[in-house]
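Colleague: fold the stuff below for me.
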Amino acid sequence: MKANIDIRAHGDRIDRHVYGHFSEHLGRCVYGGYWVGEGSSIPNVRGIRSDIVQALRDIRVPNIRWPGGCFADDYNWMDGIGPRESRPPMINVHWGGAPENNHFGTHEFMDLCEQAGCEPYICGNVGSGTVREMRNWVEYLTDAGSSPMAALRRANGRVEPWDLPFFGIGNENWGCGGNLTAEYYANEFRRYATYVRNYKGMGTADWWKVPPVVKIAGGANVERPDWTRTLMRDIGASRMGGLSVHCYVKPGEESHGTVFSEDSWYRTAANTLAKEKLIQNNIDIMDEYDPDKKVAMAVDEWGIWVDNEPGSNPGFLYQQNTMRSALCAVLMLHLFHRH
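Modeller: Numbers count the residues shown, from 1 in each chain. Here you go, the predicted model:
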């Protein structure tokens, strides 16, 4: 097979954030994944695995979303700051009941992003958290002044504030993020988002020059255009910069990660390609309420979803990747490129 690539051809510019990554306190993604701790024999910088950082740099990852996922709506950011030995543990109720020691928190995540050379995309807690809790987190991250949260950040070792380009107002709030109706979530978004702002310029004459935090609403799966319609209608394009949409592909009846038939290849490809119509349905609804396309569709969770590996904790969602997984990813990325 021979392919010719014409690098002089012009087309639409693909937003680099299409290639963003998702990181959740789930299974071995964080602990035993890119976080090994400073005392590990595995090469690391401040507890973060150097080989993983290099891999992220090699592919020029544009952003990383954290701490979830479902975990985000059960997470209190205050438990993940300060001396690690003093951080209160919790139980990860969404993912296998695993103990969570909170050793990987805000400072560690922002350090990961700085080491990897990417932008942070933090998802806040709407399901079980308060407006004040979310507001304080954003102030802690972004305020350069003398506010209580800025003082606390400095006491924890970070003098300068961080850049915070993206902030998610909850995750899957139709399900694990609170089992809310779309109408109720739309009202909650408006309330929570009011206090999510960039505090960097507060108290200065140049406050209006500081770029705002892009607020991303917690959307549904692509199969739920009704949720998209309600949020676009009730929140409006002026209040949100992005609408999250999740897009997972299931091969069908035969869903083991590594043992599958030839037919499963074709089902996986067909089921992936079928997502394009569903995504277009959501785009059409967004265009109806936002013809100027001010609100971005943020497909911040996607990929193949198969059964857990036998013998693994069902709550860890551990699945082996194969060429079938790669096929799904390639088709999905090309789908994103077209839209």
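Colleague: which pLDDT value belongs to the residue nearest the centre of the chain?
Modeller: Geometric centre of the chain, nearest residue: R65, 3.1 Å, by CA atoms, centre = their mean. Looking at R65, its pLDDT is 99.
Colleague: element containing it?
Modeller: Per DSSP states H and E, R65 falls inside strand 63-66.
Colleague: picking up where we left off before, the residue nearest to the centre of the chain reaches G124, doesn't it?
Modeller: No: counting by CB atoms under 8 Å, R65 sits too far from G124 to count as a contact (11.7 Å). For the C-beta atoms, the positions are set from N, CA and C on the backbone; glycine is no exception.
Colleague: quickly list what's touching both of these two.
Modeller: Jointly contacting R65 and G124 under the rule CB atoms under 8 Å, 6 or more residues apart in numbering are G168.
Colleague: neighbours of F166, just the number please.
Modeller: 22 (other CB atoms under 10 Å).
Colleague: again, but for Q280
Modeller: Neighbours of Q280 under the rule other CB under 10 Å: 14.
Colleague: separation between the residue nearest to the centre of the chain and A298?
Modeller: 9 Å (CB to CB, to the nearest Å).
Colleague: so A72: helix, strand or coil?
Modeller: Put simply, A72 is helix when judged by DSSP: H, G, I helix; E, B strand; the rest coil.
Colleague: and it, what pLDDT?
Modeller: pLDDT, read off for A72, is 98.
Colleague: what's near enough to touch it?
Modeller: Contacts for A72 (CB under 8 Å, 6+ apart) come out as E24, C123, G124, N125, G168, G170, N171, G177.
Colleague: ok, the nearest residue to S50 once chain neighbours are set aside - how many residues close by?
Modeller: Distance criterion CB to CB, 6 or more residues apart in numbering; nearest residue to S50, sequence neighbours excluded, is P43 at 4.5 Å. Per other CB under 10 Å, the neighbour tally for P43 reads 11.
Colleague: surely P43 touches R49?
Modeller: Yes: using CB under 8 Å, P43 is in contact with R49, at 7.2 Å.
Colleague: mind checking how far I64 is from Y34?
Modeller: Going from I64 to Y34 by CB to CB gives 10 Å.
Colleague: residue boundaries of the helices in the chain?
Modeller: Along the chain, the segments classed as helices by DSSP state H run 50-58, 106-116, 131-142, 148-155, 182-193, 225-234, 262-273, 275-289, 323-338.
Colleague: scan the helices and strands of this protein for the one with the lowest mean pLDDT.
Modeller: Lowest on mean pLDDT, DSSP states H and E among the helices and strands of the chain sits helix 262-273, with a mean of 93.
Colleague: got the contact list for that helix?
Modeller: By CB under 8 Å, 6+ apart, helix 262-273 touches V249, K250, P251, G252, E254, I304, R324, L327, C328, L331, M332, L335.
Colleague: check the fifth one and give its pLDDT.
Modeller: Right, E254. At E254, pLDDT is 67.
Colleague: got a pLDDT number for D6?
Modeller: 65.
Colleague: quick one: strands adjacent to the strand holding R65?
Modeller: With DSSP bridges as the test, strand 63-66 is paired with strand 21-22 (parallel), strand 119-124 (parallel).
Colleague: for those, which one sits closest to Q320?
Modeller: Of all the strands paired with strand 63-66, strand 21-22 sits nearest to Q320, with 18.4 Å by CB to CB.
Colleague: how far does the closest one sit from its chain's centre?
Modeller: Centre-to-centre, strand 21-22 and its host chain are 6 Å apart (CA atoms, centre = their mean, to the nearest Å).
Colleague: still on that earlier bit, with distance to N271 and mean neighbour count as extra columns, can I get the strands paired with strand 63-66 in a markdown table?
Modeller: Converted to a markdown table, the strands paired with strand 63-66 look like this (distance: least, CB to CB, whole Å; neighbours: other CB atoms under 10 Å):
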| stretch | distance to N271 | mean neighbour count |
| --- | --- | --- |
| strand 21-22 | 20 | 18 |
| strand 119-124 | 27 | 24 |
